[in-house]
Every structure is written in C-alpha cells, then in structure tokens.
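S.K.: The sequence isn't on hand, but the structure is:
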C-alpha cells in the first residue's frame, strides 16, 4: 500500500505557476544581452539550477544567439558566470514565492490522517531551500523530510533524492511511494525511482500560467493547453495526470488496488 508521497516544491506545492526561478533566469540572460523566451526558460524547469542554465545554453537558438554575440559557443566558464549571477538574485527573492498552492495544505492534512508520510525533492539548492522551508512553514506547509540536490550525487532526472526520502521515511520498496511534480524532470525522477509518478497541471511550470490567467482563460483554450501538458507528462512516463494538486488523494484507492493485484510502476 502507498506509504509516502514525495512532492516537488515550486509549481507543485508552493509558488503557483513556478514564477520565482523563471523571472531570475530571464534576467540573468538579459544581463548577458541574450533574449531567451519564456518557453526556453521554462523547458528545463525542475533541474538543479546550474544544470538548468547548461540546458538553456544547449538549445540551438540560444547557442546561436551566444555565438553571434560573443563569437563562440557557450563554454563551461559561461555557465559559471551565469550561475554566479543567478544564485544571489534567487536567494534575494525566493522568500516571496513560498505561498502554498490552493488545495495543497488540505491535501497534506488528509494524507497524514491516512497515515501517509510526506517527503519532498526539489531543483533548488540547500541554501535556497533553507529560506523556502522556513517561509512555507509559516504558511502551514512542512513536509516530514526535505532532500535537495546538495544531499545526493546528482539531482533530477536521477532518482537519488527519491531514494534519500525512502530511507529517511522508512519506505521500501519504492513502488509504495508516489512522486508528484509539475515538470518533465519531476516525471523522469519518479519513473527512474520506480515510484508511481503523477504530473499536476494547474499551478505548474509546464502549463506556465498564473492563477489569475487560469481563471480568465477561455475554457476551451484552457482545456487545450491542459491536454497538451497531460500529453507531455504521459509521453515521459507519468502513470497519472491530475488537473490540480488537491485531487491527488483520489488516486490512492486506484493505486492501492493495483498494488494488491500485483501491478508495479
């Protein structure tokens, strides 16, 4: 039976729309006179932030802009310089983006009442999470265990943060856990850990809309955009996709029934 749920942070449990890292990524590239798009900034979301910068620089269009501006393709030292700008900017604003997403706190209460442990993984560094966890706790969210990429050999899509949660929460095998996230790297992390993996659409980076934008969006257009996100998650191996985080526990009876039948993720 499911014993633990491992949540992502920004875009899944806090920071509706995952805007904190997005805005900083856009700014650090702007300072280098490279105009990346919102889609390019969001595409690697969920990775360790230094890895995120590397992936943006690997994009053909961005690499071409860099070559045109600096006369050579991006180098490792360029990643170092961009990250050196990124980290202090992120540390300065991340406390403003720790508001729990609607439905997340009530969900955690229901899961705990059912005896389910709450873990977490993230693309934020330990230093960033030291700020986010304090601010989220003030607002009512405090998982039982927090793992950052600094605690393991490598971050997403590797499963090491999931394994650290499993050990700390005393859950084995990993098919007794659910991983929930809003990015492709979240899905890959859960699949690689052999856990049941759930993608969440609204509030997430893949959808990339604020709560106000979702409310104001034409319903048919919103459905089309959400369907595209769901297709992306499933293409990367998600076992389930939910519209909002508050729906997660409706999956528990379904997954537990599958486990009893011998199904494994």
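M.R.: Ah, there it is. The model shown is predicted, which means the values in this text are computed figures rather than measured ones.
S.K.: Specify the beta-bridge partners of residue 7.
M.R.: Note on residue 7: beta-bridge partners residue 120, residue 180, judged by DSSP bridges.
S.K.: per-residue confidence for it?
M.R.: With respect to pLDDT, residue 7 has a value of 98.
S.K.: those strands in the stretch 1-150 of the chain, which residues are they?
M.R.: Here the stretch 1-150 of the chain has its strands, by DSSP state E, counting those that start in this stretch, at 4-7, 117-120.
S.K.: List the contacts of residue 31.
M.R.: Taking CB atoms under 8 Å, 6 or more residues apart in numbering, we find residue 31 in contact with residue 85. Quick note: C-beta positions are derived from backbone N, CA and C, even for glycine.
S.K.: okay, it: pLDDT?
M.R.: 95.
S.K.: cool, residue 232 as well?
M.R.: 97.
S.K.: Excluding residues flanking it in the chain, which one is nearest residue 51?
M.R.: Here the nearest residue to residue 51 in space, its sequence neighbours aside, is residue 155; by CB to CB, 6 or more residues apart in numbering that works out to 6.6 Å.
S.K.: Surely the one you found is in contact with residue 49?
M.R.: No - look at residue 155 against residue 49 with CB atoms under 8 Å: they stay out of range, at 9.2 Å.
S.K.: Settle it for me: which of the two has more neighbours?
M.R.: Neighbours were tallied for residue 155 and for residue 49 using other CB atoms under 10 Å; the higher tally belongs to residue 155 (27 against 23).
S.K.: for the record, mean pLDDT for stretch 218-229?
M.R.: Stretch 218-229 comes out at a mean pLDDT of 97.
S.K.: Now that stretch: buried residues?
M.R.: 222, 225-226, 229 (16 or more other CB atoms under 10 Å).
S.K.: how distant is that stretch from the center of its chain?
M.R.: Its chain's C-alpha centre and that of stretch 218-229 lie 20 Å apart, by CA atoms, centre = their mean, to the nearest Å.
S.K.: Check what contacts that stretch and list those residues.
M.R.: By CB under 8 Å, 6+ apart, the residues outside stretch 218-229 that reach it are 199, 201-202, 204, 206-207, 209, 214, 217, 241, 243.
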